[in-house]
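K.L.:
need a structure here:
(chains A and B)
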Amino acid sequence: MTATVLVPSVVSPVVVALYLPAIFTGIIIGLIGLFGISYQKNDLHALILTDIVGIGMLIIVAAVGTDLAESLVLPGLVVELAEIMAISELLMSREMRRLGKTADLIPLPLNLDMEVLTTAPIFLAIILVAYGAFLSGFTGGAVAGGGILFYVLSRLTRGVPSNTWEGLAGVSGIAWCLWLVGFLIFFAFPPYWLLALFLAAFGVFIKVTFKAGLVGVMGREEFKKE
Amino acid sequence: MDISILGGQMLGIIPLGDIVLYFTPFNLFMFAAALAFTTLIAISKTESQVEAEFGTLKNREVKVDKSEFKIRRFLAIVCGLATAGAMVTGDLFDFTLFVALIAIVNIGIVAAVKEVDVLDSAFQYGLIAMIATLPLFGGAAIILASAGTISLLQLLQIPNSTMILYGSLLLFIGVAGETGVAPFFATKAEMFRTPGSPFLLIIHLSSLLVIVRTIEILLILNKPF
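P.N.:
Below you'll find the predicted structure:
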């Protein structure tokens, strides 16, 4: 095999020439972030500056510009978010321990008293869920989940039935299994790709939708509603 | 160059679509070591430990809180499984993702001890791990861009180039920052004297195994002989 990397002829030379500048941009951004961290003494500011270094990483990965690179950007972003959330949680926990106080996970007073929350929740939730089902997949799940979350928020002021949310969390788990089965079929039995595609698409749709169910369970524990 | 030079004879591959796992005695040994240690963690009950008292002949029993202990054990098991995965994967980006997972889980293991000094150390390790994602993923992306593939079996057949060398240097810096420095931060907080600490050894084991595997991958990428 030769070392020449295949760049299809449809790709314009301008795009190909952008690769090296993009890599240098990413590395320079990373260096700027590192200089900032070295000057900075405040822990919170250091954390935020570290995020800039992570953005430099995303630029370098995205500079490759193929569909494979696109599938690498998403895990990179997830890793970045997971780490910044873990570290900020750690920072909060340390400061709380230093002060000798405890705080709620979500310090929400939840005194939402808006008219739209009493008059329109079911209508808006149904529209959002229906539109999400039409989209299907991850995007649709996010839209429909927004609808259910809106419903939860409006009901939370009056009290949420706890059984409903545990059921939703269970369905979410089953849908996640469907998604995994879909992926396994992709790998193990490629001829049945259509079945796998639909399992994965609707599994992730239901799963992302009912993520809101977990928020509901947390809400019950946090706010001690019936 | 052949993979069999590095790891003994090739025992077989598992083709999962694009991702092809391959097995050599070298990989399998490290895989089995990681899994065996993980099994030990999963079945052991280390929530109470006996310490010798200083100056007398008595022993003292130290107990750790059950909930804290459960979280740390779970994180240690995840860390062991991720290490085992990183040992056998035949895909460069899979490897970097396993390394990043090990780093996140290590932050969790170190941060599970609720003391200000330990949390301070965990925070500094977290910053280093986050900074190290730039060379880690950036190196893998540069290798992908210059070789056109991230399957190790394919990378074997691609001749050397300066960009691949540059990418593999970045990759090595990234791995060192993500898991290589973890034992230093765990030691800095003197975590080995806290009760329930046998799990911490998984940080050292994963760091060691991942560095060894990284060296194998760098040899595959750059083909020095």
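
K.L.:
residue most distant from the centroid, chain B?
P.N.:
What lies farthest from the middle of chain B is B:Thr56; by C-alpha atoms, centre = their mean that is 40.4 Å.

K.L.:
may I have the secondary structure class of that residue?
P.N.:
coil (DSSP: H, G, I helix; E, B strand; the rest coil).

K.L.:
how about the contacts made by it?
P.N.:
Not one residue lies near B:Thr56 by C-beta atoms under 8 Å, 6 or more residues apart in numbering or on different chains. C-betas here are computed from N, CA, C, even on glycine.

K.L.:
cool, and A:Ile185?
P.N.:
Going by C-beta under 8 Å, 6+ apart, A:Ile185 touches A:Tyr192, A:Trp193, A:Leu195, A:Ala196, A:Leu199.

K.L.:
so for the first one, what's the pLDDT?
P.N.:
Confidence at A:Tyr192, expressed as pLDDT, is 83.

K.L.:
measure it to A:Gly145 for me?
P.N.:
Here A:Tyr192 is placed at a distance of 28 Å from A:Gly145 (C-beta to C-beta, to the nearest Å).

K.L.:
surely B:Leu209 touches B:Ala82?
P.N.:
No - between B:Leu209 and B:Ala82 there is no contact, the gap being 10.6 Å when judged by C-beta atoms under 8 Å.

K.L.:
need the helices for chain B, in chain order.
P.N.:
B:3-7, B:25-43, B:66-88, B:92-111, B:116-147, B:152-155, B:162-175, B:182-188, B:201-222 (DSSP state H).

K.L.:
mind putting the ones you listed in JSON lines, mean pLDDT and distance to chain A included?
P.N.:
Formatted as JSON lines, these follow (pLDDT from 0 to 100; distance: least, C-beta to the nearest C-beta, whole Å):
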{"stretch": "helix B:3-7", "mean pLDDT": "66", "distance to chain A": "16"}
{"stretch": "helix B:25-43", "mean pLDDT": "88", "distance to chain A": "20"}
{"stretch": "helix B:66-88", "mean pLDDT": "85", "distance to chain A": "11"}
{"stretch": "helix B:92-111", "mean pLDDT": "89", "distance to chain A": "4"}
{"stretch": "helix B:116-147", "mean pLDDT": "88", "distance to chain A": "4"}
{"stretch": "helix B:152-155", "mean pLDDT": "84", "distance to chain A": "8"}
{"stretch": "helix B:162-175", "mean pLDDT": "91", "distance to chain A": "9"}
{"stretch": "helix B:182-188", "mean pLDDT": "80", "distance to chain A": "12"}
{"stretch": "helix B:201-222", "mean pLDDT": "89", "distance to chain A": "13"}
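
K.L.:
need the ones you listed in TSV (columns: mean neighbour count).
P.N.:
Shown next, in TSV, are these (neighbours: other C-beta atoms under 10 Å in any protein chain shown):
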stretch	mean neighbour count
helix B:3-7	16
helix B:25-43	16
helix B:66-88	20
helix B:92-111	26
helix B:116-147	24
helix B:152-155	19
helix B:162-175	20
helix B:182-188	19
helix B:201-222	20
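
K.L.:
quick one: closest of the ones you listed to A:Phe186.
P.N.:
Nearest to A:Phe186 among the helices of chain B is helix B:92-111; the distance by C-beta to C-beta comes to 16.4 Å.

K.L.:
B:Val50: neighbour count?
P.N.:
Neighbour count of B:Val50, defined by other C-beta atoms under 10 Å in any protein chain shown: 8.

K.L.:
pLDDT of the helix or strand encompassing A:Val171, averaged?
P.N.:
Per DSSP states H and E, A:Val171 falls inside helix A:162-188. Averaged over helix A:162-188, pLDDT sits at 75.

K.L.:
check contacts around B:Leu31.
P.N.:
One correction, residue B:31 is Phe, not Leu. B:Ala84, B:Met87, B:Val88.

K.L.:
which stretches of chain A form helices?
P.N.:
For chain A, helices defined by DSSP H occupy the ranges A:13-17, A:19-39, A:43-63, A:67-99, A:116-119, A:121-135, A:137-156, A:162-188, A:193-223.

K.L.:
circling back: so for A:Tyr192 and A:Gly145, which sits in the more crowded spot?
P.N.:
Neighbours were counted for A:Tyr192 and for A:Gly145 using other C-beta under 10 Å; A:Gly145 has more, 23 against 13.

K.L.:
against chain B, how distant is the more buried one?
P.N.:
To chain B, A:Gly145 is 24 Å away according to C-beta to the nearest C-beta, to the nearest Å.

K.L.:
for B:Pro15, grab the count of nearby residues.
P.N.:
Using other C-beta under 10 Å, B:Pro15 has 12 neighbouring residues.

K.L.:
okay, now the unreliable bits of chain A?
P.N.:
For chain A, the stretches flagged by pLDDT under 70 are A:1-6, A:101-121, A:136-138, A:152-169, A:209-226.

K.L.:
nearest the geometric middle of it, what residue?
P.N.:
Within chain A, and using C-alpha atoms, centre = their mean, the residue nearest to the centre is A:Val78, at 7.3 Å.

K.L.:
now B:Gly12. Nearest residue, chain neighbours left out?
P.N.:
Leaving aside its chain neighbours, B:Gly12 sits nearest to B:Phe23 (5.4 Å; criterion: C-beta to C-beta, 6 or more residues apart in numbering or on different chains).

K.L.:
quick check: pLDDT value at the one you found.
P.N.:
84.

K.L.:
so what's it up against?
P.N.:
So B:Phe23 contacts B:Met10, B:Leu11, B:Gly12, B:Ile13, B:Ile14, B:Val88 (C-beta under 8 Å, 6+ apart).

K.L.:
okay, these in TSV with distance to B:Lys223 next?
P.N.:
As requested, these are arranged in TSV below (distance: C-beta to C-beta, whole Å):
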residue	distance to B:Lys223
B:Met10	17
B:Leu11	22
B:Gly12	23
B:Ile13	20
B:Ile14	24
B:Val88	21
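
K.L.:
most neighbours, which of the residues you listed?
P.N.:
Per-residue neighbour counts (other C-beta under 10 Å) across the contacts of B:Phe23 peak at B:Val88, which has 20 neighbours.
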